[in-house]
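Asker: generate a structure from the sequence data that follows.
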Amino acid sequence: MTNRETQISGFLQRTGRGDWSRTAVAGDASARRYERLTNSDGRSLILMDAPPETGETIRPFVRIANFLRSQDVSAPIIVAEDPDQGLLLTEDLGDQRFYEILKADPGQEDALYALATDLLVHLHKTPASNLTVALEPLGPRLMAEMSSLVITCYRDGILGTSNSGLLPRFENQFEDILRQTIKGEAVFVHRDFHVQNLMYLPEREGLAQIGVIDFQDARTGHPAYDLVSLLQDARRDVPAAIEARMIDRYLQGSGLDASGFRTAYAVIGVQRNLRILGIFARLAQERGKPQYLDLVPRVWAHVVRGLEHPALAQLAEWLLKELPASTPENLAKLRR
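Answerer: Below you'll find the predicted structure:
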């Protein structure tokens, strides 16, 4: 038995679940692992294993889960925790992810995306200044720096060379664009609000039918951020008509200025998708997870489409010349 397994077994014994059966559950791109614990009477819980030596911590998850439930959002109930060892037991929200439901029945797109959009409207009614949880802001400079992974990991990884002047040029110009367009009251931002992190809970009512997970990296930022995450998904194609209807639905529910919001949506879409290109390249090169490169062409298409917005014209003029397209040949270079 490994030292980590000894720690987990001790934690489960202390919490009275030492004899529950354990089954691995699909995780995410992080170093965290998940297991479903099942009792003989059918009750189940989720074990989060977040080893501190890998830089993981359960503390933000616990803090934000408690906040979300205070907002009547179906985040998992915290059952037991050991922050020092990075172990957490939570409510089991089941297996009905929006992603699997939509894969089996695309006809439910309108209903599920509308439910998710309405949840964002609900969450965004409380401005960041009134939130009962302390979150770091997602401001223009940080957003530009986060997107620079597209230079250091995606571009340089494919070309095998770097350009010392390219990174500051990109960050400074993109920061200027973000400062001009990302305006207004900040709100809670999940940061990974997409169909693989949304669970369908049909036994509940209203917005409580959406179970929300993987929110430990939440910050405060522009209201368009999570809507972009939902509608410009790296993992599935969202029909353009659905995207347009959900943007309209959000604007109607929130009452925000349509013109300014649509511009911010376009700019944040490029910011987020440039970052994802860099993250997927890094996962392939540094963490041995080349499967994420299969998603790159879809993300690249989001970037190319987003750069057509007039607010991004100056950046688009040279960025697309510097970034290699997501061709099979270029992706093969990242796989190596």
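Asker: what's the local residue count around residue 322?
Answerer: 14 (other CB atoms under 10 Å). Every C-beta, even on glycine, is put in place using the N, C-alpha and C of the backbone.
Asker: for it, what are its contacts?
Answerer: 151, 155, 163, 166 (CB atoms under 8 Å, 6 or more residues apart in numbering).
Asker: could you redo the last one with a cut-off of 6 Å?
Answerer: Residues counted as contacts of residue 322 (CB atoms under 6 Å, 6 or more residues apart in numbering): none.
Asker: try residue 67
Answerer: residue 133.
Asker: quick one: what helix or strand has it in it?
Answerer: Using DSSP states H and E, residue 67 sits in helix 59-70.
Asker: ok, and for that helix, which residues are buried?
Answerer: The neighbour-count check on helix 59-70 (16 or more other CB atoms under 10 Å) flags 61, 62, 63, 64, 65, 67, 68, 69 as buried.
Asker: so the fifth one sits right up against residue 75, yeah?
Answerer: This points to residue 65. Yes - distance between residue 65 and residue 75: 4.4 Å, which falls inside the contact criterion (CB atoms under 6 Å).
Asker: which residues in this structure form helices?
Answerer: Using DSSP state H, the helices of the chain run over 3-14, 59-70, 98-104, 109-123, 140-147, 149, 156-159, 166-181, 224-231, 240-254, 258-286, 296-306, 313-322, 328-335.
Asker: now do the same end-to-end measure for stretch 152-168.
Answerer: This stretch, stretch 152-168, spans 11 Å end to end (CA to CA, to the nearest Å).
Asker: and what of stretch 98-111?
Answerer: Terminal-residue distance, stretch 98-111 (CA to CA): 11 Å.
Asker: now do that stretch: everything it contacts.
Answerer: Here stretch 98-111 has contacts from 112, 195, 196, 198, 200, 242, using CB under 6 Å, 6+ apart.
Asker: most neighbours, which of those residues?
Answerer: Counting neighbours by other CB under 10 Å, the top entry in the contacts of stretch 98-111 is residue 198, with 28 neighbours.
Asker: got a list of what it touches?
Answerer: Taking CB under 6 Å, 6+ apart as the criterion, residue 198 is in contact with 98, 116, 210.
Asker: most neighbours, which of those?
Answerer: residue 98 (24 neighbours).
Asker: now do stretch 5-25, average pLDDT.
Answerer: Mean per-residue pLDDT for stretch 5-25: 94.
Asker: gap between the helix holding residue 67 and the chain center?
Answerer: Between the centre of helix 59-70 and the centre of its chain there are 16 Å (CA atoms, centre = their mean, to the nearest Å).
Asker: what's the angle from it to helix 109-123?
Answerer: 100 degrees (axes from the mean of the first three to the mean of the last three CA atoms, to 10 degrees).
Asker: coming back round to it: adding pLDDT and distance to residue 14, write the contacts of stretch 98-111 out as TSV.
Answerer: Formatted as TSV, those follow (pLDDT from 0 to 100; distance: CB to CB, whole Å):
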residue	pLDDT	distance to residue 14
112	98	39
195	97	36
196	95	32
198	98	32
200	98	33
242	98	47
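Asker: please name the nearest non-neighbouring residue to residue 292.
Answerer: residue 280 (4.1 Å; CB to CB, 6 or more residues apart in numbering).
Asker: which among the buried residues of helix 59-70 gets closest to residue 140?
Answerer: For those, the residue nearest residue 140 by CB to CB is residue 64; the value is 23.2 Å.
Asker: how much space between the closest one and residue 317?
Answerer: 39 Å (CB to CB, to the nearest Å).
Asker: just give me the neighbour total for residue 56.
Answerer: Neighbour number of residue 56 under other CB under 10 Å is 17.
Asker: burial of the closest residue to it other than its chain neighbours, as a residue count?
Answerer: Nearest non-adjacent residue to residue 56, counting by CB to CB, 6+ apart: residue 50, 3.6 Å away. Applying other CB under 10 Å, we find 22 residues neighbouring residue 50.
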